[in-house]
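Asks: fold the following and give me the result.
(one chain, ligands or ions: 2)
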Amino acid sequence: MIAILLGPPGAGKGTQAQKIAEKFKIPHISTGDILRKEIKTGSQLGNKAREYVETGKLVPDELIIEIIELQISGPEASRGFILDGFPRNLAQARMLENRFKALSLSVDKVINIDVGRQEVISRLTSRGICPDCRQVSTMEEGGQSKCPDCGQKLIKRKDDNVEVIEKRLDVYSQQTEPLINYYRDRDILVDIDGEASLSEVTERILGSL
Ligand code: ADP
Ligand code: ZN
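Replies: Ligands and ions are numbered 1, 2, ... in the order given. The predicted model follows:
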């Protein structure tokens, strides 16, 4: 099973990707998570990517492609994988298509999780992430929320502030949204209403795969 999750920031791609990954026992490849890890450890890749990630711009394609090559060629990926955060523009989608052709692979489904701009802004400004289990929760006013699973104090992602959120949304509509028609034309796109409840969204996605 090879699936791609599309949708604006805050659509719930990470949460849903995790559920699909568990169900099919395949890796969840999140370019955003990988970049944040590289930035945290101060690797060469992380240092090159930092400025882009913190300001909500797309990291140059060459850096992302390096990451993807590594992830999809590993033994864990032999039974398939879920791509979350990649491709994010037409150049990346074309690169993936060429690479897959060479490897005799093909994308089974592209899940487009649709959420409106207002909802995205409201979700992201109140989003907290557990530093231990990575679970995403809503922070209460005052920011003292704890992870419902492990009780750790939630942290905010550095790019979850209004200016950077606006920038990420612009980048999404200008560069990523055209991929919806790109994959619709290939007859592999599934549209999902991302404003339904988490479990309903999961159910609909799993039902479409
Ligand atoms: P979100 O979808 O919530 O904006 P992600 O965690 O997917 O967040 O990505 C965070 C940041 O990482 C992006 O704003 C961008 O700077 C960078 N990034 C992630 N994936 C890609 C990609 N495929 N191409 C370029 N930049 C990327
Ligand atoms: Zn936790």
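Asks: now for whichever residue of the chain sits closest to ligand 1: which residues touch it?
Replies: Closest contact between the chain and ligand 1, by C-beta to the nearest ligand atom, is at Gly32 (1.8 Å). The C-beta positions use only the backbone N, C-alpha and C, and glycine is treated the same way. Taking C-beta atoms under 8 Å, 6 or more residues apart in numbering as the criterion, Gly32 is in contact with Gly14, Val53, Asp84, Gly85.
Asks: that one sits in which helix or strand?
Replies: If you go by DSSP states H and E, Gly32 is part of helix 31-41.
Asks: repeat for Val171
Replies: Per DSSP H and E, Val171 falls inside helix 162-171.
Asks: now the helix holding Gly32: buried residues?
Replies: Within helix 31-41, the residues scored as buried using 16 or more other C-beta atoms under 10 Å are Thr31, Gly32, Ile34, Leu35, Arg36, Glu38, Ile39.
Asks: with stretch 190-209 instead?
Replies: Residues of stretch 190-209 classed as buried by neighbour count (16+ other C-beta under 10 Å): Val190, Ile192, Gly194, Val201, Thr202, Arg204, Ile205.
Asks: check the secondary structure at the residue lying farthest from the centre of the chain for me.
Replies: In the chain, the residue that sits farthest from the middle, by C-alpha atoms, centre = their mean, is Gly142; the gap is 27.4 Å. Counting by DSSP: H, G, I helix; E, B strand; the rest coil, the backbone at Gly142 sits in coil.
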